[in-house]
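Undergrad: Quick one, fold the following:
(chains A and B, ligands or ions: 2)
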Amino acid sequence: MAANAKQPVKKTDYQGKMHNLQKDMIGRYYDSLTAAAEGKGGKAVYMMISGNPVELIQAFDMIPVYPEVNALQLAVKKQALPLILAAEEMGYSTDNCAYVKADVGMYFAGRKTPFATIPEPDLILCNYVGCNVYLQWFEHLAEFSGRPIYNLDIPFNRTENGEPTEDDLRYVIKQLEEVIEVCERMTGKSLDYKKLQRIVELSGETGDLWSEIKKLTKCRPSPFDSYFDSVTMMAPLYCLRGTEDGLHFFREAYKEMKARADRHEGPLPEEKFRFVIEGPPPWPYLRQFRDMFSRWGAVAVASTYSTVGGIWEFGFRHDPARPIESIARHMLTYNLTNRNFLQRYQQIKDYVEQWNADALVIHSVKSCRLFSAGQGDMREYFTKELNVPTLLIESDLEDPRYFSEAQLRNRVDAFFESLEHRKMLVHK
Amino acid sequence: MATTQVDSTATLDSIFETCREIGQDMEFSAAKQWQQGAPGRKVFGCFQIYSPVELIHAAGALPIAVVGAGNQLEIAHADSRFQSFVCSIVKSTLELGLTSRLKFLEGMFFHSICDPARNLASVFVRNFPEMFIEYVHFPQNLASPLGKQYLENEYQRIVGNLETRLGRKITTDDLNASIALYNQIRGLLREIYEIRANRPHMIGAAETFLLTRAGTLMAPEEHLKMLQIVMDLLPKRPSRPKDRIRVVLEGSFCELPPVPLIETLEEAGCYILDDDFFRGWRWFTSDVPIQSNPLAALAESYCDRSYYSGVKHDSRETKSGHLIQMAKERKADAVIIQAAKFCEPALFDYALYRKALDDANIPHLLLEFEEKGWIFDRARSEVETFVESLMFD
Ligand code: SF4
Ligand code: SF4
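TA: Ligands and ions are numbered 1, 2, ... in the order given. As a prediction, this is how the structure comes out:
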């Protein structure tokens, strides 16, 4: 039986206080980028989202710029395709990560977007945390802009116990000290250690709240969707981590979510299925994608994507007593991208078990091979070894050409139909 | 079965033929032959690119390059693990494992070249739990001296793991002996490649490729003998220069191009003076120094004297500048970028190269290939057209 025959398509229109606050704050962040682009702000430091040392950058009052966030904003605002095409015109391949193409397209189109003018980089700080595309992306930006680049090399999580070696840690700390020197030279200021400690403390508290928020989705019903609503919280987590504003946002978000949990309120009229989702969302079609699950009463209770920029829910906190070491640890271990693929399997397994999920959905995106390469093996593991119903669907996170709505909907419908059937059998 | 025996009656053609057989042999007979030569011998596979072969050899084991299956194997299992948009070498390497062809290996080495290769290492760990899987993180901060120190420690970590696995000590002398042996091999290969660059009618790119590839599938001592014979025979080879354009080729540093494709490019009118297809063990541009701390020597060599490639990001120089310099040094008429299908790093670099080559007024051509291809008509006609456009310019 088709889904629409049995459940009225009730979209989630959940828009809490948190959403407005987020809009305000991110708006202010983008205004600061425009100001910098117009020569009225601090120095712009380009960085990647996953495991970054933004605390150091904040300590020097430099402005973090995240090409990934810019690219995804362009996709959300449906501005990405012409820029992607312009980059392909330059020689980028249809097989290259479309975040890069949208960003490069935007760079050569004068760095103007509907949300901000993006400043030229004063420093390209390539925090190489897992994804190899990062290296290439920033290498290209360095060639195009002629601006200085520092490759902050983070050894990948490759040991048997999943921990960095002592040498790894030392290597990263020493590089962070070099980055401090670079920032000192650029700004003409020396590092204010007390200020850094305060910033790291803010990050620690923010991580704490974020982690508490994520645990709330263990409740039934889950008070929010840990994929589609989490992305609202990810922007402040990434762009504003280490600021009073960022902390304020998470205090408000926690209050709001906790109250919803206490009232047994969820994002849908009825929570029928709980699933874990792996992979980044299709930004240009977020709404349509969400509705494919909502119409089945399916809520994401955990997502790996929301841990790209950091994993706090298993205990890590930035520590003001050891600010640089804790930044290093965050970059080395406590983010999704620097962990190996099997650690991701384990993370998902933990989510399925501890968050009581019925199924796993793998959204395999062509652009991002860091996420996707080998997800067929992941499916094999979850279906064959763990007996977790698993759906693997393909589209893209940035390029609208790879989103075929009807096909995806059919796959999602077929999956939840059989899941429903399975549930019924179990109940009988 | 391919045998590595090359004797005094060998001719260049027979040597290349032997190499071709060894390179296509996905049962790895040449390596197994070495393995069976004495009890307890271990063989380790190395996925692309900068494989630390000296460490493995110093442990008394044989490193071989396990780098896909060309067109010798149909992918029947691995394509359900890796999606359609992932390069072929990743799938065919996994397929080798899933079809039990890698059972004779003690382990596999992978390293941080790209996202699919990294995830492949994990997939190997899960699917072949009995294997020793080592993942080497090569530093990407080459501008700071920290990168070198880090790599020395990383090598030390791997040596420690090998010692534990194999139950033997790896001494400084062991390491230096292995470095010396591979230096010799690399030295000969460099000479042969140099002959090709200067007198490309003497030996072709497909032929040097065959020599390099076979060397990664057999005992290095045997390979060394083979190269010495080649060096003896090469000056006596009758040959005449042909009317061809001079090109350097870039972008095939990982997935192996089919040998007939390389031959096609040559027949279509190109002298390939320099290339990056499959550096094999020859990835240092000069000898690794023999010194009291061999791991430091290897680490320093990676940082300061290894070939650049799409997967090494050295912020001390621009990548496109490097390519243009090479083209100028070789007095090349043109550059061919030959990228493996779905190879993200190579395809990224093309965008960079294209702009720089245009700015420098160097003609260039982009070709995409797959290891499993076997009809090259399209490549032939594209190259022929390109060559004609240059010849009649
Ligand atoms: S490959 Fe994935 S992680 Fe890497 S830049 Fe692209 S989207 Fe980001
Ligand atoms: S061919 Fe390219 S994408 Fe594939 S493993 Fe090699 S470097 Fe990675």
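
Undergrad: what number of residues lie near residue B:123?
TA: 28 (other C-beta atoms under 10 Å in any protein chain shown). Where you see a C-beta, it was placed from the backbone N, CA and C, and this is true even at glycine.

Undergrad: For it, give me its contacts.
TA: For residue B:123, the contact set (C-beta atoms under 8 Å, 6 or more residues apart in numbering or on different chains) comprises A:341, A:374, A:377, B:81, B:94.

Undergrad: In the stretch 151-300 of chain B, what residue comes closest to chain A?
TA: Here the residue of the stretch 151-300 of chain B nearest chain A is residue B:153; by C-beta to the nearest C-beta that distance is 4.0 Å.

Undergrad: who does the helix or strand harbouring that residue touch, helix- and strand-wise?
TA: Using DSSP states H and E, residue B:153 maps to helix B:146-166. Contacts defined by 3 or more C-beta pairs under 8 Å, 6 or more residues apart in numbering or on different chains; DSSP states H and E place helix B:146-166 against helix A:166-187, helix B:53-58, strand B:132-136, helix B:294-304.

Undergrad: The second one: what's the following helix or strand?
TA: Toward the C-terminal end, the helix or strand that comes next after helix B:53-58 (DSSP H and E) is strand B:62-65.

Undergrad: The closest residue to ligand 2 within chain A - how many residues pack around it?
TA: Here the residue of chain A nearest ligand 2 is residue A:369; by C-beta to the nearest ligand atom that distance is 7.6 Å. Neighbourhood size, residue A:369 [other C-beta under 10 Å]: 30.

Undergrad: cool, and residue B:169?
TA: Burial of residue B:169 is recorded as 9 neighbouring residues (other C-beta under 10 Å).

Undergrad: follow-up on the earlier one: dump the helices and strands packed on helix B:146-166 to a markdown table, plus distance to ligand 1.
TA: Formatted as a markdown table, those follow (distance: least, C-beta to the nearest ligand atom, whole Å):
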| stretch | distance to ligand 1 |
| --- | --- |
| helix A:166-187 | 19 |
| helix B:53-58 | 30 |
| strand B:132-136 | 18 |
| helix B:294-304 | 24 |
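
Undergrad: coming back round to it: what does the pLDDT read for the residue of chain A closest to ligand 2?
TA: Note for residue A:369: predicted pLDDT of 96.

Undergrad: List the residues that contact it.
TA: Here residue A:369 is in contact with A:97, A:133, B:85, B:86, B:114, B:115, B:116, B:119, B:344 (criterion: C-beta under 8 Å, 6+ apart).

Undergrad: most tightly surrounded among the helices and strands packed on helix B:146-166?
TA: helix B:53-58 (a mean of 26; mean count of other C-beta atoms under 10 Å in any protein chain shown).

Undergrad: List the contacts of it.
TA: Residues outside helix B:53-58 that contact it (C-beta under 8 Å, 6+ apart) are B:44, B:46, B:62-63, B:109, B:155, B:158-159, B:162, B:170, B:174-175, B:177-179, B:181-182, B:220, B:281, B:288, B:294, B:298.

Undergrad: quick one on the thing from earlier: measure the residue of chain A closest to ligand 2 to residue B:46 for me?
TA: 21 Å (C-beta to C-beta, to the nearest Å).

Undergrad: Over to residue A:94?
TA: 31 Å.

Undergrad: still on that earlier bit, could you point out the helix or strand that follows the helix holding residue B:153?
TA: helix B:172-198.

Undergrad: Now that next one: buried residues?
TA: By 16 or more other C-beta atoms under 10 Å in any protein chain shown, the buried positions in helix B:172-198 come out as B:174-179, B:181-189, B:192-193, B:195-197.

Undergrad: Ok, stretch A:403-410 next?
TA: A:403, A:408, A:409.

Undergrad: need the residues you listed in TSV with secondary structure and pLDDT, can you?
TA: TSV is the format used below for the buried residues of stretch A:403-410 (DSSP: H, G, I helix; E, B strand; the rest coil; pLDDT from 0 to 100):
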residue	secondary structure	pLDDT
A:403	coil	95
A:408	helix	98
A:409	helix	98
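
Undergrad: with those residues in mind, which one is nearest to residue A:139?
TA: Distance to residue A:139 across those (C-beta to C-beta) is lowest for residue A:403, with 29.2 Å.

Undergrad: Spit out the contact partners of that closest one.
TA: Neighbour list for residue A:403: A:282, A:284, A:285, A:288, A:395, A:396 [criterion: C-beta under 8 Å, 6+ apart].

Undergrad: So what does it have for phi and psi?
TA: Dihedral pair for residue A:403: phi -110, psi 100, per degrees, to the nearest 10.

Undergrad: Ligand 1 contacts on the stretch 1-150 of chain A?
TA: Contacts of the stretch 1-150 of chain A with ligand 1, taken as C-beta under 6 Å from any ligand atom, map to A:68, A:97, A:99, A:131, A:133, A:134.

Undergrad: can you tell me which of those are in helices?
TA: Among those, DSSP state H puts A:68, A:99, A:133, A:134 in helices.

Undergrad: Find the closest residue to ligand 1 in the stretch 51-200 of chain B.
TA: Closest to ligand 1 within the stretch 51-200 of chain B is residue B:115: 6.3 Å, counting by C-beta to the nearest ligand atom.

Undergrad: What is the burial count for that residue?
TA: Residue B:115 is flanked by 25 other residues according to other C-beta under 10 Å.

Undergrad: Would you mind measuring from it to residue A:84?
TA: Residue B:115 is 19 Å from residue A:84, by C-beta to C-beta.

Undergrad: again, but for residue A:398
TA: Distance, residue A:398 to residue A:84, using C-beta to C-beta: 7 Å.

Undergrad: list residues touching both of the two?
TA: A:98, A:101, A:102.

Undergrad: quick check, nearest of these to ligand 1?
TA: Nearest to ligand 1 among those, with distances taken as C-beta to the nearest ligand atom, is residue A:98, at 7.8 Å.

Undergrad: The residue nearest to the closest one when sequence neighbours are not counted: how many residues sit nearby?
TA: Spatially, and ignoring its direct neighbours in sequence, residue A:98 is nearest to residue A:398 (3.7 Å; C-beta to C-beta, 6 or more residues apart in numbering or on different chains). Other residues near residue A:398 number 30, with proximity taken as other C-beta under 10 Å.

Undergrad: what's residue A:398 in contact with, if anything?
TA: A:71-72, A:74-75, A:80, A:84, A:97-99, A:101-102, A:283-284, A:367.

Undergrad: Mind jotting down where the strands sit in chain A?
TA: Applying DSSP state E to chain A gives strands spanning A:44-46, A:63-65, A:123-128, A:149-153, A:273-278, A:298-303, A:359-365, A:390-395.
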